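Chemist: take this sequence and fold it.
(chains A and B)
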There are 2 protein chains.
Amino acid sequence: MNIVEKYGGTSVGTIEQIQDIALHAKHMKEQGHNLVIVASAMGKTTNKLIELAHSVTNNPNKRELDSLLSTGEQQTITLLAIAMNSIGVDAISLTGYQAGFLTSKHHSRALIKDIDTTTIQSHLDQGKVVVVAGFQGATEYGDITTLGRGGSDTTAVAIAAKLGYQCHIFTDVDGVYTIDPRLYTRAKKLKSISYEEMMQMACLGAGVLETRSVELASKYNVPLFLGKALETDLEKGTWIMHKELEDMPITGLSVKDDYAIMRFMHLPNDGVYLGKLFKMISDLNINLDTISQQLDDEGLANFTLYCSEEQSNQIMEHASKEYPVHQMLGYIKLSLVGLGISTHSGIASKVLNILSENGIKYYMITSSEISISLTIEKKDKVKAVQALGKAFDL
Amino acid sequence: MNIVEKYGGTSVGTIEQIQDIALHAKHMKEQGHNLVIVASAMGKTTNKLIELAHSVTNNPNKRELDSLLSTGEQQTITLLAIAMNSIGVDAISLTGYQAGFLTSKHHSRALIKDIDTTTIQSHLDQGKVVVVAGFQGATEYGDITTLGRGGSDTTAVAIAAKLGYQCHIFTDVDGVYTIDPRLYTRAKKLKSISYEEMMQMACLGAGVLETRSVELASKYNVPLFLGKALETDLEKGTWIMHKELEDMPITGLSVKDDYAIMRFMHLPNDGVYLGKLFKMISDLNINLDTISQQLDDEGLANFTLYCSEEQSNQIMEHASKEYPVHQMLGYIKLSLVGLGISTHSGIASKVLNILSENGIKYYMITSSEISISLTIEKKDKVKAVQALGKAFDL
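Modeler: A predicted model of the protein is given here:
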């Protein structure tokens, strides 16, 4: 088989783990597989480098920060290649730049424009394991960039797409569950899930894979496997792939913790005034989850914004002097995901009935083709997860 | 002025030092200088990375080790550029590769083949401070290489040579002294010294600058300044430059500690047998300092080798089983350096007289055009330094 394997920070946190991956690579080569390995920075290295930059200034130059952060993955890949070579596995490390990752100039959140896979391919042709630094690339001028959140997953999927390889994402969980097993012990591990459902789960806080990499896999039809690091039994994880509509209307339930509701009350309904408010929010780099607006009897605008607690704190810091805003904390967002939602009628009403029966208040309901999300109080989290998990057989 | 400044590991060991260098750069730019800064890895970073690689295997792949080590300087230069930008100094970091350093393929001791200074020059033309990673480059295939010992000094001098800039090497000592001031408190700081004398001092253990960078400076006529980090008064350090013969026959005295004498006794005078011995020594990557050979009455060869204690231990480990070898420890090598030595007669005899008067035994004397070296016992070190320092007014 032709495989791109990706190891996240917790899977390469120690020298022992790096040596274990080298042994695994040896085993894979002995079985005749072609292997590309994508790795993140070891453990908390990236956070430590960010702290170091912030000890110089609160607002480090983004080009320089990217080049600083890129050293984290470079250290992992060279150590992996050293470990492999030391046990007789012919391996070579490539930084994002060396691997041919051409990106846009948006430092800290660059987009992959193309990958020139000549170098990767030539080393694969020589039978080498190619170890590529995740999360990074370079502009056409050779400036080092990073891909932002979940970047290493994107690196792996992009290489797999370009080479026509499978992509195995190894992490510290052993697959995708219908519900986070820490919340609902009877949650089931999914043998497979569609790209679309996985993207919704990712968007809505399942936290195993970033949307961006799933989207890319879907676009280029890359078979994506998610499993526990060094698990070679591909029956044990979850495959993410193109799927037809299934009987089970709800595939999973995901929870986004630390949710906040922000109420802006009695604002003049004036485009310039409101425009300024929303520009301030977008300048904070905040993508609001949901905005609802009502005009009151006097023609004044009331806005309710839903976002993470952290983002709501940022908004409070910048907006509370100028705008009449009220912050409400202690909420979570709970989402049911499934290809069946749009075609099975009555799911929304079933959800609301269950919540009512259990005395759970809900504050905002939004839905898409394949998901329904509800904002509820944090204290009701366990009760809601148990009730919905049972009702939809998750 | 057009200046390349180089800061070693001890000068960039902390965030405070990095911020101080940024302030200094601001000051230099305000005075209208064009400035390139070359930096080493912070403090003991390089050693820590070597340890990390050695925790994987005793014999890490050299290509990978070079790429691993190069992250050390990359971290320093990005932090320096972040610090400069944060106080309004337009600055950009460049890794060896980005700066156009094309090297040979000899990993861990690559030679600079050329520098394509297009990128450096274009940023200088835009008024930026260009911060370049010392010690590193890349092959024509984009593989990252390191330049080996003293590599950052070489980086700085090479850029200065190519751009026609001055080169200021900043370190934790404030200049070149006639004798190490820790040995001889009355030692004088030299305002200037010739390239040739400095090379001899470097070779013979003065430990302030590697020979290689001085040689390069000499070849390309780069004015070289050596001083304490952040010292802006260029009267306070030492200039290394082309000089005419001077009155003072001896410019300096340097000491190489922990010297060993190795005696191979009564070896058959047989080319194959002796060839094997010297091949073993060269395989250990040891450049012997001095070898002397005598044939005894029976036609057997006696060799005396002079080298560092560490190297002598390596030789003992590999040779003592096969060869009759006797290790003598507890010596030092003391060298007098000066352009005048070759033209002033009687210096050697003056030196030997002084040693005899002070009851100091010497074991080996070698001389070059501009130096005389003697091996003496460690216990005589202070006495010899004081006596010679006084006699030659150092």
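
Chemist: CA atoms for contacts and neighbours, from now on please.
Modeler: Will do.

Chemist: A:Lys188 touches A:Thr178, doesn't it?
Modeler: Yes - with contact defined as C-alpha atoms under 8 Å, A:Lys188 and A:Thr178 form a contacting pair (5.6 Å).

Chemist: between those two, which contacts overlap?
Modeler: A:Leu394 (C-alpha atoms under 8 Å, 6 or more residues apart in numbering or on different chains).

Chemist: ok, the two, which is more surrounded?
Modeler: Per other C-alpha atoms under 10 Å in any protein chain shown, whichever of A:Lys188 and A:Thr178 has more neighbours is A:Thr178, with 25 against 19.

Chemist: pretty sure the more buried one is touching A:Thr238, no?
Modeler: No - at 11.2 Å, A:Thr178 does not count as touching A:Thr238 under the criterion of C-alpha under 8 Å.

Chemist: show residues contacting stretch A:96-113.
Modeler: Against stretch A:96-113 from outside (C-alpha under 8 Å, 6+ apart): A:62-63, A:66, A:114-120, A:132-140, A:142, A:144-149, B:142-143.

Chemist: please apply the same query to stretch A:215-229.
Modeler: Contacts of stretch A:215-229 (C-alpha under 8 Å, 6+ apart): A:7, A:11, A:154, A:157-158, A:160-161, A:164-176, A:195, A:199, A:234, A:236-242.

Chemist: of those residues, which are in range of chain B?
Modeler: For chain B, no contacts are drawn from the contacts of stretch A:215-229 by C-alpha under 8 Å from any C-alpha of the partner chain.

Chemist: where does the prediction get shaky in chain A?
Modeler: Along chain A, the parts satisfying pLDDT under 70 run over A:203-207, A:244-248, A:287-289, A:340, A:342-345, A:369.

Chemist: so which bits of it are right by chain B?
Modeler: A:15, A:19, A:53, A:55-57, A:59-61, A:64-65, A:67-68, A:71, A:74-75, A:78-79, A:81-83, A:85-86, A:92-93, A:98, A:142-143.

Chemist: state which strand of chain A is the longest.
Modeler: Longest strand of chain A, by residue count under DSSP state E: strand A:252-267.

Chemist: still on that earlier bit, now, which of the contacts of stretch A:96-113 lie within helices?
Modeler: Using DSSP state H, the subset of those located in helices is A:62-63, A:66, A:118-120.

Chemist: which of these ranks first by neighbour count?
Modeler: A:Asp66 (26 neighbours).

Chemist: how much space between that residue and A:Ile341?
Modeler: 41 Å (C-alpha to C-alpha, to the nearest Å).

Chemist: same deal with A:Thr178?
Modeler: 15 Å.

Chemist: how about A:Glu235?
Modeler: Using C-alpha to C-alpha, we find A:Glu235 at a distance of 27 Å from A:Ile341.

Chemist: tell me which of the two has more neighbours.
Modeler: A:Ile341 (22 against 11).

Chemist: after the longest strand of chain A, which helix or strand is next?
Modeler: helix A:271-283 (DSSP states H and E).

Chemist: buried set for that following helix?
Modeler: A:277, A:281 (16 or more other C-alpha atoms under 10 Å in any protein chain shown).

Chemist: what's that helix packed up against?
Modeler: helix A:309-319 (3 or more C-alpha pairs under 8 Å, 6 or more residues apart in numbering or on different chains; DSSP states H and E).

Chemist: which parts of the helix it packs on are buried?
Modeler: A:309, A:311-313, A:315-316, A:319.

Chemist: now distance to A:Ala391 too, for those, in CSV please.
Modeler: Compiled in CSV, the buried residues of helix A:309-319 are given as follows (distance: C-alpha to C-alpha, whole Å):
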residue, distance to A:Ala391
A:Glu309, 30
A:Gln311, 33
A:Ser312, 33
A:Asn313, 36
A:Ile315, 38
A:Met316, 38
A:Ala319, 42
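
Chemist: which residue ranges of the stretch 101-250 of chain A form helices?
Modeler: For the stretch 101-250 of chain A, applying DSSP state H, counting those that start in this stretch gives helices covering A:118-125, A:151-163, A:195-203, A:211-219.

Chemist: deepest in the core, which of these is it.
Modeler: helix A:151-163 (a mean of 25; mean count of other C-alpha atoms under 10 Å in any protein chain shown).

Chemist: contacts for it?
Modeler: A:3-6, A:8, A:37-40, A:115, A:117, A:133-136, A:165-167, A:169, A:209-210, A:212-213, A:216-217, A:220-222.

Chemist: report the buried members of these.
Modeler: A:3-6, A:8, A:37-40, A:115, A:133-136, A:165-167, A:169, A:209-210, A:212-213, A:216-217, A:221-222.

Chemist: in strands only, show me those.
Modeler: Among the buried ones among the contacts of helix A:151-163, the members that lie in strands (by DSSP E) are A:3-6, A:37-39, A:115, A:133, A:136, A:166-167, A:169.

Chemist: so which residue of the stretch 101-250 of chain A comes closest to chain B?
Modeler: A:Gly142 (6.7 Å; C-alpha to the nearest C-alpha).

Chemist: and for that residue, the neighbour number?
Modeler: So A:Gly142, with other C-alpha under 10 Å, has 14 neighbours.

Chemist: ok, and the closest non-adjacent residue to it?
Modeler: B:Gln98 (6.7 Å; C-alpha to C-alpha, 6 or more residues apart in numbering or on different chains).

Chemist: can you give me phi and psi for that neighbour?
Modeler: Per-residue torsions, B:Gln98: phi -60, psi -30 (degrees, to the nearest 10).

Chemist: would you write a PyMOL line that selects the buried entries of the residues of chain A next to chain B?
Modeler: Filtering those down to the buried ones (16+ other C-alpha under 10 Å) takes a single PyMOL command:
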select buried, chain A and resi 15+19+53+56+57+60+61+64+65+67+68+71+74+75+78+79+81+82+83+85+86+92+93+98+143
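
Chemist: now intersect the residues of chain A next to chain B with the strands, please.
Modeler: Checked against DSSP E, these include these in strands: A:92-93.

Chemist: and the gap between the residue of chain A positioned farthest from its centre and A:Asn269?
Modeler: Relative to the centre of chain A, and counting by C-alpha atoms, centre = their mean, the farthest-placed residue is A:Glu298 at 43.0 Å. Here A:Glu298 is placed at a distance of 10 Å from A:Asn269 (C-alpha to C-alpha).

Chemist: so for stretch A:320-331, first residue to last residue, what's the gap.
Modeler: OK, stretch A:320-331 end separation, C-alpha to C-alpha: 20 Å.

Chemist: now do the buried residues in it.
Modeler: Those would be A:325, A:327, A:329, A:331, for stretch A:320-331 by 16+ other C-alpha under 10 Å.

Chemist: can you give me how far that stretch is from the chain middle?
Modeler: 28 Å (C-alpha atoms, centre = their mean, to the nearest Å).

Chemist: my guess is A:Asn59 contacts B:Ile87, does it?
Modeler: No - judged on C-alpha under 8 Å, A:Asn59 makes no contact with B:Ile87 at a distance of 10.9 Å.

Chemist: okay, now A:Val351: neighbour count?
Modeler: A:Val351 has 18 nearby residues by other C-alpha under 10 Å.

Chemist: since that was my last question, I'll sign off now.
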